[in-house]
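Undergrad: sequence and computational prediction follow.
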Amino acid sequence: MVEAGEPLLLEALEALRTYHNAQAAGVPAEEVERLRVIAESAYQAVTDYQLYALGHQPLTRH
């Protein structure tokens, strides 16, 4: 299962790394928040994919 979603997982890890690097570098708060949202979204996509791969029904979001 991890192998099938590996590119997505790697993208999420890179987004998280970028976010943490921006925090450490003292990047303006607005940009740090933007990077946090991207990282969070990427991890949610990984979680959703893994649940789907396990056969769980996708959640309907309104």
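TA: Right, received. Where do you want to start?
Undergrad: element containing the residue nearest the centre of the chain?
TA: Nearest to the mean C-alpha position of the chain, counting by C-alpha atoms, centre = their mean, stands residue 42 at 2.1 Å. Element membership of residue 42 [criterion: DSSP states H and E] is helix 29-53.
Undergrad: okay, now the closest residue to residue 35 other than its chain neighbours: neighbour count?
TA: The shortest distance from residue 35 to any non-neighbouring residue, by C-beta to C-beta, 6 or more residues apart in numbering, is to residue 19 (4.1 Å). Placement of C-beta: from N, CA and C, glycine included. Counted by other C-beta atoms under 10 Å, the residues lying close to residue 19 total 22.
Undergrad: same thing with residue 44?
TA: Residue 44: 11 neighbours (other C-beta under 10 Å).
Undergrad: what's the answer for residue 13, then?
TA: If we define neighbours as other C-beta under 10 Å, then residue 13 has 14 of them.
Undergrad: that one: what secondary structure?
TA: Assigned with DSSP: H, G, I helix; E, B strand; the rest coil, residue 13 falls in the helix class.
Undergrad: from residue 24, how far out is it?
TA: 16 Å (C-beta to C-beta, to the nearest Å).
Undergrad: cool, residue 33 as well?
TA: From residue 33 to residue 24 the distance is 15 Å (C-beta to C-beta).
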